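Trainee: what would the 3D arrangement of this be:
(2 chains)
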Amino acid sequence: MSDIWTPWGLIERGRGEPAPDAIHASAHSPEGLPPEQLPLTDALRDPLTGLGNRRAFNEAIEHALQGSEDGGVVALLMIDLDRFRMVNETLGHLIGDALLCLVARRLRQSTRGTELVCRLDSDEFAVLVRNGGDAETLADRLVDVLGRPFLIKGQVATIGASIGIARASLKDGTAVDLIRHADLALHSAKRAGRQRWHAFDPSMAQRAEARRNLETDLRKALKMGEFQLVYQPQLNIRTHTVTGVEALLRWHHPTLGVVSPDTFIPIAEDIGAIVAIGEWVLRTACREAMDWPGAPRVAVNVSPLQFEDGHRLFAAVQRALSASGLAPGRLELEITESTLLRTDQGVLETLHRLRALDIRVAMDDFGTGYSSLGQLMAFPFDKIKIDQSFIRGTASQVGGAAVVRAIAALGSSLGMTTIAEGVETQEQALLVQSDGCTDIQGYLIGRPIPGDEVTAMLVAFHTDIKSQKV
Amino acid sequence: MAEPLYQLVYCSLNTISGASVNVTDEIRNILAVSRRNNVKVGVTGALLFTTSGFAQVLEGQMDAVEATFERIQSDMRHSDVTVLSFLPVERRSFPDWSMAFAGQPATGVAYALKDMFPPSSDVEALTLAGGKVLRLLESAVRDEDEPMPREAS
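Mentor: Alright, predicted model coming up:
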């Protein structure tokens, strides 16, 4: 493989077509230059595009890093097509394959001569640049040309590319690190919104390691008893009674302390741990709510992923109720808008089955995501929780108040309770009341407290009301 | 039976910088190359140029139009290439032009091409804009360009 760069280099300089394109083969041949055969054996060539395949890629990286004749740097561009799957699904695999051939052609034409272009997987490509100096310029160009429209068999396809760049020096780099770093940079580019390139920097590896550690710890957290529920009261504005208590999950990490749910819930969803954690929350909340005086409802958040197996969720709810003896009418499940975005019929079916048990269902964080009236009509929710971003704005922004008023009016006409989240001041409470909300939740009413303090809190509220009435 | 005719309308932003003499040279160059290539593959069309950008109509057999576009799109003298419409058509709009041209500053055709850019990626809006560009080019070409007979192919 000692001359691996050279023959491909000749090809990359545009001397001809390495493999017959699925389409346009003749029309695209550079003028006056007959098609040339790539000196790649079949074992090293991607049959569809004629680019190097994964094996060619691996061998080339090893070769480049072992080469000692050159003190330079190898740069690797990992390229992932954006929206390719959508093209494949909407326009069909034939168009998808033709698109990959055009992508391969644009990659070849955008490279100069010392680069090796490979197709690693369905819509994953890689460019290995022997002297990594202008990898960023090349990445700019690739993001540009792959974002331009493609015309294929009478169709227009617009995709895009995300690229991760990493470098390794010939002296101390390893192929494994180079690929890992480029993948991390690619991941970062995709997370930043795609259609761009990111270059690897060490903080990416640190973040990835921190995330990996958190994943490992999260898998053990249930068994280690590191989760705890805290409870926040929900107050009916008119009657001044605590109508419900929301269960909120806390993770007490052995070394990091309390980890925010905003941090660990997405990870738990990614690694599939959310289902077991969600079941623990249901069990614990139902059990702890049994002792509460005045029998307020307990509200439990349910992840969209728990609805993927509706039967399991339904069974878990049933078990939590029967094990604790909690009356089903005291359990309220809070679901987010994204749950209903899962268009399959299964979600609604599960919700209706739960409702048939007499369990209440609340729409959480309404107004933040893809809120639509259609979603409110899709299921007869018992309660709409208006996101706190609108409440915080009510004191100063007319717009926030208008949204709150509109949702409250809608809730009222649909027979749903409307609760304002994140109420922190008396002024906000008065405003949301005048806007038509029936209930409020937030620091003004009470901060989240541990389960063993809920009884005292409820008694205190109860006493307050009595003393007010006197 | 003849293969169906396709017509492509796209627009893009001009990235040629420098003095106007440079721009004129580049445009002349673009036209010469495209006329030479188009004749070979039976593609006809028209190009509209303003200081802000290009709009172009390409028509011919599907494969030929696609291959021609594939060559043009990669040109770094323009950016933000947006396909307005790509549809089968009954007949050519510019049958006698290997590449008609409108936009010599001297003739006063100063269309604000930017205004013709559709506001969204909505297919209907794009097609509508494509129709507008096509009509604009048809009238501009009638006013400006001398027909350049296609070589027999």
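Trainee: ok, longest strand in the chain?
Mentor: Defaulting to chain A. strand A:242-253 (DSSP state E).
Trainee: my bad, the chain I had in mind was chain B
Mentor: In terms of residue count, the longest strand belonging to chain B (DSSP E) is strand B:78-89.
Trainee: tell me the helices and strands packed up against it.
Mentor: Strand B:78-89 sits against strand A:155-157, strand B:5-14, strand B:53-61, helix B:62-73, helix B:123-144, with contacts defined as 3 or more CB pairs under 8 Å, 6 or more residues apart in numbering or on different chains; DSSP states H and E. Glycine gets a C-beta too; all of them are placed from N, C-alpha and C.
Trainee: quick one: closest of the ones you listed to A:Leu40.
Mentor: helix B:62-73 (23.5 Å; CB to CB).
Trainee: low-confidence bits of the chain, can you list those?
Mentor: I went with chain A, as the question did not name one. A:1-39, A:67-72, A:132-133, A:342-344, A:369-371, A:393-398, A:465-470 (pLDDT under 70).
Trainee: wait, chain B
Mentor: Where chain B drops to pLDDT under 70, the residues are B:1-2, B:104-121, B:143-153.
Trainee: again, only this time at 50
Mentor: B:105-114, B:148-153 (pLDDT under 50).
Trainee: where does it come near chain A, residue by residue?
Mentor: Contacts of chain B with chain A, taken as CB under 8 Å from any CB of the partner chain, map to B:6, B:8, B:10, B:41, B:62-71, B:73-74, B:79, B:81-83, B:86, B:88, B:121.
Trainee: so A:Leu120 sits right up against A:Arg55, yeah?
Mentor: No: counting by CB atoms under 8 Å, A:Leu120 stays clear of A:Arg55, with 10.1 Å between them.
Trainee: comparing the two, which residue is more hemmed in?
Mentor: Under the neighbour definition other CB atoms under 10 Å in any protein chain shown, A:Leu120 and A:Arg55 were set side by side, and A:Leu120 has more, 20 against 14.
Trainee: start to end distance for stretch A:294-314?
Mentor: End-to-end span of stretch A:294-314 (CA to CA, to the nearest Å): 27 Å.
Trainee: just how off-centre is it within its chain?
Mentor: In terms of CA atoms, centre = their mean, to the nearest Å, the centre of stretch A:294-314 is found 21 Å from the chain centre.
Trainee: surely A:Leu40 is within a strand?
Mentor: No: assessed with DSSP: H, G, I helix; E, B strand; the rest coil, A:Leu40 is coil; it does not lie in a strand.
Trainee: need the contact list for the most centrally placed residue in chain B.
Mentor: The centroid of chain B falls nearest to B:Gln56 when counting by CA atoms, centre = their mean (1.5 Å). Shown in contact with B:Gln56 (CB atoms under 8 Å, 6 or more residues apart in numbering or on different chains): B:Leu8, B:Val9, B:Tyr10, B:Cys11, B:Ser12, B:Gly45, B:Ala46, B:Leu47, B:Leu48, B:Ile72.
Trainee: would you check that the third one makes contact with B:Val83?
Mentor: Yes: because the distance of 4.8 Å satisfies CB under 8 Å, B:Tyr10 is recorded as touching B:Val83.
Trainee: joint contacts of those two?
Mentor: By CB under 8 Å, 6+ apart, B:Tyr10 and B:Val83 have these common neighbours: A:Pro149.
Trainee: so for the two, which sits in the more crowded spot?
Mentor: B:Tyr10 (26 against 21).
Trainee: tell me the spacing between the residue lying closest to A:Ala189 once chain neighbours are set aside and A:His187.
Mentor: Nearest residue to A:Ala189, sequence neighbours excluded (CB to CB, 6 or more residues apart in numbering or on different chains): A:His198, at 4.0 Å. Plainly put, A:His198 is 9 Å away from A:His187 if you go by CB to CB, to the nearest Å.
Trainee: the two: who's more crowded?
Mentor: Per other CB under 10 Å, whichever of A:His198 and A:His187 has more neighbours is A:His198, with 22 against 18.
Trainee: list the contacts for that one?
Mentor: A:His198 makes contact with A:Ile163, A:Gly164, A:Ile165, A:Ala185, A:Leu186, A:Ser188, A:Ala189, A:Ala192, according to CB under 8 Å, 6+ apart.
Trainee: which of those sits closest to chain B?
Mentor: A:Ile163 (17.3 Å; CB to the nearest CB).
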